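Peer 1: Have a look; sequence and predicted model below, questions after that.
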Amino acid sequence: MIRQLVPTQVDPKTAGRDFWSRNHELRRRRHEELRPDDPLDPDDVVEKYMKTPNPFDLQHYYEISRDGVMLSWFHGESVAPANPEYETNKHLLWADAYVRIEERRKGIATGWLPVIARIMDERGSTVVGMNTEQASGHGFLTWLGGKPKMTDVESRLRLSEVDWPMMQRWNEEGARRSPQTRLEIYDGPLPEAMLPEFAAQRTALLNTMPFEDLDIGDIVITPEKIRHYYEVSALTGEVPHEVLTRESDGSISGMTDVSWYPYRHTMLAQQFTGVRPETRGRGLGKWIKAAMLLHLRDLYPDAEWIVTENAGSNAPMLKINRTMGFKPYRTAVEYQTTREQLESRIRSI
Ligand SMILES: CC(C)(COP(=O)(O)OP(=O)(O)OC[C@H]1O[C@@H](n2cnc3c(N)ncnc32)[C@H](O)[C@@H]1OP(=O)(O)O)[C@@H](O)C(=O)NCCC(=O)NCCS
């Protein structure tokens, strides 16, 4: 029976209502299983994300359905030639699969392997990466021959438990220890004129993040990519916030950004934080994080949580987060496997 289940490619731009109904139903099932305590991304937001053209990343969407019910969903992502990261990332495919609970251990996810192989061959990719926080995912990815390459820790801080006097101290100490440094706060998109300088500094900082043993190419942020992100966030109502520091020569030395989502308004998302290596050790990291938190408390009095993700090995960031009161919430493992290993698994099926 499984053999009759055919993976079908989905184009969100032309997909009909029946597809979206199946897709949202499975998405709800996944959410109930894996994220029961979090708000669900609304259907229209998911549709907007999936329908908005992305010149920088290629999206590969497939479904396996039977009698109008989606049994499994597959999403792959690879870098597009228009992305400045293309040269150093084109060997990588990132993939995600979900099988509804009552259909597991029947070989459905195994059915994705030839699809992954075909995408990899079309894109010239040699390594596929997938992550999981589930026992079933670990079992499947180990069976596939995947190697664990990085741990990703999600941590959460309950805003009612923040030590606000400590945040005030970090904010004041940051300014006192670096009198020549200015702190700037931006709500919503950054001014257009700042984008080239900001993109260049963000690129440099992002590439200092630890990725453990993960095979990953260069990260390249450009003004065009930031504009694209702002276009998508405007469509879905996401509001970005940025706190940064500038040295006396005007150069950006630190940055931290948090997003607010109308459909997740109790849960702020702490995104990237980075401080330039030669300005580390002066309390800039604590300063920008504390200034951001104090600012957000005033802006969003109904926010309850702030959520962040870090590599398990990112000691400096985890130290700051743990001191602020962020507690580990769940840990995912990133696995990667080669095209050859995938082939030998496909031959053994
Ligand atoms: C991981 C997942 C996609 C597997 O789907 P599935 O259709 O049940 O997988 P298959 O039946 O094709 O399993 C193939 C092999 O993987 C291994 N495997 C799968 N699930 C496993 C489990 N729960 N425990 C141990 N091994 C498992 C087995 O070796 C299995 O072969 P076998 O059943 O003959 O022993 C599914 O459990 C799921 O959706 N989990 C939640 C989401 C997730 O973590 N996804 C991560 C992968 S991107």
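Peer 2: Received, thanks.

Peer 1: can you give me the strands in the stretch 101-250 of the chain?
Peer 2: 127-132, 147-158, 182-187, 239-246 (DSSP state E, counting those that start in this stretch).

Peer 1: Dump those to TSV, plus mean neighbour count and mean pLDDT.
Peer 2: For the C-beta atoms, the positions are set from N, CA and C on the backbone; glycine is no exception. Shown next, in TSV, are those (neighbours: other CB atoms under 10 Å; pLDDT from 0 to 100):
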stretch	mean neighbour count	mean pLDDT
strand 127-132	21	98
strand 147-158	18	98
strand 182-187	15	98
strand 239-246	21	98
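
Peer 1: quick one, which of those is nearest to the ligand?
Peer 2: strand 127-132 (3.7 Å; CB to the nearest ligand atom).

Peer 1: is that closest one up against the ligand anywhere?
Peer 2: Yes - using CB under 6 Å from any ligand atom, strand 127-132 reaches the ligand at 130, 132.

Peer 1: quick check: angle from that strand to strand 147-158?
Peer 2: Orientation of strand 127-132 against strand 147-158 (axes from the mean of the first three to the mean of the last three CA atoms, to 10 degrees) gives an angle of 40 degrees.

Peer 1: Could you name the helices and strands sitting against strand 127-132?
Peer 2: strand 92-99, helix 135-144, strand 327-338, helix 339-348 (3 or more CB pairs under 8 Å, 6 or more residues apart in numbering; DSSP states H and E).

Peer 1: which residues touch the last one?
Peer 2: Which is helix 339-348. 113-114, 116-117, 120-121, 125-128, 143-146 (CB atoms under 8 Å, 6 or more residues apart in numbering).

Peer 1: Between strand 92-99 and the helix ranked longest in the chain, find me the angle.
Peer 2: Among the segments of the chain that qualify as a helix by DSSP state H, the longest is helix 17-34. Angle, helix 17-34 to strand 92-99, by the same axes, to 10 degrees: 90 degrees.

Peer 1: for whichever helix or strand comes after helix 17-34, which positions count as buried?
Peer 2: Downstream of helix 17-34, the next assigned helix or strand under DSSP states H and E is helix 43-51. Residues 45-47, 50 are the ones in helix 43-51 that count as buried (16 or more other CB atoms under 10 Å).

Peer 1: residues in contact with helix 43-51?
Peer 2: Contacts for helix 43-51 (CB under 8 Å, 6+ apart): 12-13, 20, 24, 27, 59, 61, 232, 235-237, 263.

Peer 1: ok, back up a step: please render the buried residues of helix 43-51 as JSON lines that adds pLDDT and distance to R177 to the earlier fields.
Peer 2: Shown next, in JSON lines, are the buried residues of helix 43-51 (pLDDT from 0 to 100; distance: CB to CB, whole Å):
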{"residue": "V45", "pLDDT": "97", "distance to R177": "41"}
{"residue": "V46", "pLDDT": "98", "distance to R177": "44"}
{"residue": "E47", "pLDDT": "98", "distance to R177": "48"}
{"residue": "M50", "pLDDT": "98", "distance to R177": "46"}
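
Peer 1: Write the PyMOL selection for whichever of the contacts of helix 339-348 are buried.
Peer 2: Burial among these is assessed by 16+ other CB under 10 Å; the matching PyMOL selection reads:
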select buried, resi 113+116+117+120+125+126+127+128+144+146
